[in-house]
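Chemist: Structure, please.
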Amino acid sequence: MKLLVINGPNLNFLGIRDKAVYGKEDYQYLTGMIQEKAEKDGDRVECFQSNHEGAIIDRIQESYFDGTEGIVINPGAFTHYSYAIRDALESIHVPKVEVHISDVNAREEFRHLSVTKPVCDGQIVGQGLKGYLLAMDLVREIAAERKEKRD
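Modeler: Numbers count the residues shown, from 1 in each chain. Okay, here's the model as predicted:
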């Protein structure tokens with residue numbers, strides 16, 4: 001399966017930014033963990049990170065044409081207000097799972113709203129970096145269920 005893992009603003013600052021919330025491991029550790037799991041599962045994965053909303057939208061739209069079969073996305077702060085990212089995700093008809101390292105529902109009030117969640121097939125929160133691995137599994141599970149329904 002060809003997977004795309006998208007990370008939004010400030011995720012490149014893992015290991016630097018608020019370690020009590022996001023942990024001590026850095027972004028390179030996260031991408032290595034994701035790549036290792038993909039290899040183990042026989043998947044191909046691309047990790048993409050940007051602090052720019054338009055770049056994230058462009059990459060989501062590119063996924064329509066490049067054979068991407070599933071998306072894991074941590075939109076970061078864009079989760080709470082980017083209707084443009086929401087609309088881009090809605091246009092892509094592959095399994096999509098939103099992931100957040102922290103439990104956004106137990107944090108500040110503004111973090112409780114996700115405008116992107118309704119156009120994703122699932123959401124994983126508060127599982128630390130392991131949440132990405134769980135999201136990858138969920139994307140594969142959703143893809144298998146959809147294939148079963150078609151067959």
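Chemist: Would you mind giving me the confidence score for the closest residue to residue 7 other than its chain neighbours?
Modeler: Excluding the flanking residues, the one nearest residue 7 by C-beta to C-beta, 6 or more residues apart in numbering is residue 49, at 4.1 Å. C-beta: built from backbone N, CA, C; applies to glycine. Looking at residue 49, its pLDDT is 98.
Chemist: What strand or helix carries the spatially most central residue of the chain?
Modeler: By C-alpha atoms, centre = their mean, the chain has its centre lying nearest to residue 73, at 1.7 Å. Element membership for residue 73 (DSSP states H and E) is strand 70-74.
Chemist: So which residues make contact with stretch 14-28?
Modeler: Stretch 14-28 has contacts (C-beta atoms under 8 Å, 6 or more residues apart in numbering) with 7, 10-13, 29-30, 49, 101-102, 107, 128-129.
Chemist: In PDB, list the C-alpha atoms belonging to that stretch.
Modeler: Output in PDB follows, covering the C-alpha atoms of stretch 14-28 (Å, rounded to 0.1, in the frame of the first residue of the first chain):
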ATOM      1  CA  LEU A  14       9.500  17.600  17.900                       C
ATOM      2  CA  GLY A  15      12.000  17.100  20.600                       C
ATOM      3  CA  ILE A  16      12.400  20.900  21.000                       C
ATOM      4  CA  ARG A  17       8.800  22.100  21.500                       C
ATOM      5  CA  ASP A  18       7.100  21.400  24.900                       C
ATOM      6  CA  LYS A  19       8.600  18.000  25.700                       C
ATOM      7  CA  ALA A  20       6.000  17.400  28.500                       C
ATOM      8  CA  VAL A  21       3.300  17.400  25.800                       C
ATOM      9  CA  TYR A  22       5.100  16.100  22.700                       C
ATOM     10  CA  GLY A  23       7.900  14.000  24.100                       C
ATOM     11  CA  LYS A  24      11.600  14.100  23.700                       C
ATOM     12  CA  GLU A  25      12.000  12.300  20.400                       C
ATOM     13  CA  ASP A  26      12.700  14.400  17.400                       C
ATOM     14  CA  TYR A  27      11.000  14.500  13.900                       C
ATOM     15  CA  GLN A  28      13.700  12.300  12.400                       C
END
